[in-house]
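J.: Sequence first, predicted model second:
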Amino acid sequence: MIASTTTSELVSKTVAEAESFLRSSFGAGFLADGAAGEGILLADGAPLDWASFAAIGTRLSAIYRGSARVDRVFIEHAKGYAFPLAFSEWGQRDAKNVVMCLGGIVNTSQRFDVLGGVFAQQGMRVISVDWPGRGASGWLREQEDYALEDEVDHIIRLIRALNLPPLVLVGSSRGAMVALRLAALAPELLRAVVLNDTGPILPRARRQKRAAVLGRHYVFADPSDLFYRIGAMQKNDGPTPESFRYHLAHAQTHLVSHEQGRIYRHDIRPLLQYRAEAQQGIDFCTEFAEMPCSLLVIRGIESDVLTVPIESVARKLAPPHTGWVTVAATGHTPTCVGPRLLEVIHAFIDNPEAWFGLTEHVVESPQPGWLFRRH
């Protein structure tokens, strides 16, 4: 299916630089057994504290984000007030192919840094959005203002405000649900859709399971605590370089002196709104079956969201212009940093028709957890 390995080479080059830097930052005697409070020594023998954690994170950000530009557009909420919606952007603004990335409910735009940087080097324009109340975007007035339908409306308004041509929308988890609704409401804005580990149904039980861990206030007391707890949260993400996990952990948290640790950079109210919405499941079977544009569905083979039974339903409903991808050793959701998966997504964007009715199985190289212990 894929003639060129250019995407893979670009991804591998970026990851290799970041991994080399991260490993060189720590001492040979570093004890990475995942126990909170264990001493972590840097290469110079000094203990890893929050200042050195941030310094390493800043360097990794420079490697992974590359030429990313951060911008904001004021978006009108349906209730009549405006707020700044932030996004990261790569590539030339007159590029033929425009890709917009939407992450999961707790993700920030950095989740797609590798995709953005690599695809921009291959002539695409990539925009990765910070959800309202997360990352660099503004906060909304009320908890209910973070409802799913409002998020759909915000993305439609952003696309129109930027005067973008029909684009490829890549959505992970919550972002995929937004993509499904957006395709139904404003099909003229889209050229293709990539659903990352999300199908037409999200059962109430799975939403409530997720809601049970959202809406909590987490304080990471020290770097060891952060590595241990985030490692546990990300145990199903699949093969992901430790340097990228570190980059995201640094980008999504900040040090707050009165908390005596680092906390997430987000408004907790969208997570509480998700908890309220989780009292009901989601059924987007109609939106899925009537997808008006080319569609690629990605499934982590161990996913507890796009499970085998739900994938079976999806395949029965799917329009003929749908392609399928499974990712080995991965749950919900693939991080879109693996070279093979990004090759597939790039190939689909270049020529969606070549993927209609086909299934590709992706196997990435293992990425052992030596810092973020998956337990």
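T.: Nice, thanks for sending it over.

J.: List the contacts of residue 127.
T.: Neighbouring residues of residue 127 by C-beta atoms under 8 Å, 6 or more residues apart in numbering: 87, 88, 89, 98, 99, 100, 101, 162, 164. Where C-beta positions appear, they are placed from N, C-alpha and C, glycine not excepted.

J.: Show the average pLDDT along stretch 108-120.
T.: For stretch 108-120, the mean pLDDT works out to 98.

J.: how about the helices in this structure?
T.: In the chain, the helices defined using DSSP state H lie at 6-25, 50-65, 113-121, 148-161, 174-185, 204-211, 223-233, 242-251, 269-277, 285-289, 308-317, 339-350.

J.: Residue 302: which of those is closest?
T.: Taking C-beta to C-beta as the criterion, residue 302 comes closest to helix 308-317 out of the helices of the chain, the separation being 10.5 Å.

J.: Other residues contacting the closest one?
T.: Contacts of helix 308-317 (C-beta under 8 Å, 6+ apart): 199, 200, 201, 285, 288, 289, 297, 299, 306, 324.

J.: Report how many residues lie close to the residue nearest to the last one when sequence neighbours are not counted.
T.: Going back to what we said before, that points to residue 324. Leaving aside its chain neighbours, residue 324 sits nearest to residue 359 (4.2 Å; criterion: C-beta to C-beta, 6 or more residues apart in numbering). Per other C-beta atoms under 10 Å, the neighbour tally for residue 359 reads 12.

J.: go on, residue 133?
T.: Neighbour tally, residue 133, other C-beta under 10 Å: 21.

J.: Repeat that for residue 141.
T.: 11.

J.: Just the C-alpha atoms of stretch 83-101, please, in PDB.
T.: Presented in PDB, the C-alpha positions along stretch 83-101 are these (Å, rounded to 0.1, in the frame of the first residue of the first chain):
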ATOM      1  CA  PHE A  83     -13.400  33.400  24.000                       C
ATOM      2  CA  PRO A  84      -9.900  32.700  22.600                       C
ATOM      3  CA  LEU A  85      -9.500  29.300  20.900                       C
ATOM      4  CA  ALA A  86      -5.800  28.400  20.600                       C
ATOM      5  CA  PHE A  87      -4.100  26.100  18.100                       C
ATOM      6  CA  SER A  88      -0.700  25.000  17.000                       C
ATOM      7  CA  GLU A  89       0.100  25.300  13.300                       C
ATOM      8  CA  TRP A  90       2.800  23.900  11.000                       C
ATOM      9  CA  GLY A  91       3.400  24.400   7.200                       C
ATOM     10  CA  GLN A  92       2.600  26.900   4.600                       C
ATOM     11  CA  ARG A  93      -0.800  28.500   4.700                       C
ATOM     12  CA  ASP A  94      -1.400  28.000   1.000                       C
ATOM     13  CA  ALA A  95      -0.700  24.300   1.100                       C
ATOM     14  CA  LYS A  96      -3.000  22.000  -0.900                       C
ATOM     15  CA  ASN A  97      -3.700  19.600   1.900                       C
ATOM     16  CA  VAL A  98      -4.900  21.000   5.200                       C
ATOM     17  CA  VAL A  99      -5.200  18.700   8.200                       C
ATOM     18  CA  MET A 100      -6.900  19.600  11.500                       C
ATOM     19  CA  CYS A 101      -6.300  17.500  14.600                       C
END
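
J.: Can you give the distance from it to the centre of its chain?
T.: Centre-to-centre, stretch 83-101 and its host chain are 15 Å apart (C-alpha atoms, centre = their mean, to the nearest Å).

J.: follow-up on the earlier one: between the helices of the chain, which gets nearest to residue 83?
T.: helix 148-161 (8.7 Å).

J.: Now do the closest one: which elements does it pack against?
T.: strand 69-76, strand 82-90, strand 98-102, helix 174-185 (3 or more C-beta pairs under 8 Å, 6 or more residues apart in numbering; DSSP states H and E).

J.: Could you figure out how far the first one is turned away from strand 82-90?
T.: Spelled out, it's strand 69-76. Comparing the axes of strand 69-76 and strand 82-90 via axes from the mean of the first three to the mean of the last three C-alpha atoms, to 10 degrees yields an angle of 150 degrees.

J.: Report the strands that pair with strand 69-76, each with its relative direction.
T.: Sheet pairing for strand 69-76, assigned by DSSP bridges, gives strand 82-90 (antiparallel).

J.: And residue 125, how close does it get to residue 90?
T.: Per C-beta to C-beta, to the nearest Å, residue 125 is found 7 Å from residue 90.

J.: Same drill for these two, tell me which one is more crowded.
T.: For residue 125 and residue 90, the more surrounded residue by other C-beta under 10 Å is residue 90, and the numbers stand at 25 against 22.

J.: ok so, going back, could the helices of the chain go into a markdown table alongside mean neighbour count?
T.: Shown next, in a markdown table, are the helices of the chain (neighbours: other C-beta atoms under 10 Å):
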| stretch | mean neighbour count |
| --- | --- |
| helix 6-25 | 17 |
| helix 50-65 | 18 |
| helix 113-121 | 25 |
| helix 148-161 | 18 |
| helix 174-185 | 23 |
| helix 204-211 | 16 |
| helix 223-233 | 20 |
| helix 242-251 | 24 |
| helix 269-277 | 20 |
| helix 285-289 | 17 |
| helix 308-317 | 15 |
| helix 339-350 | 22 |
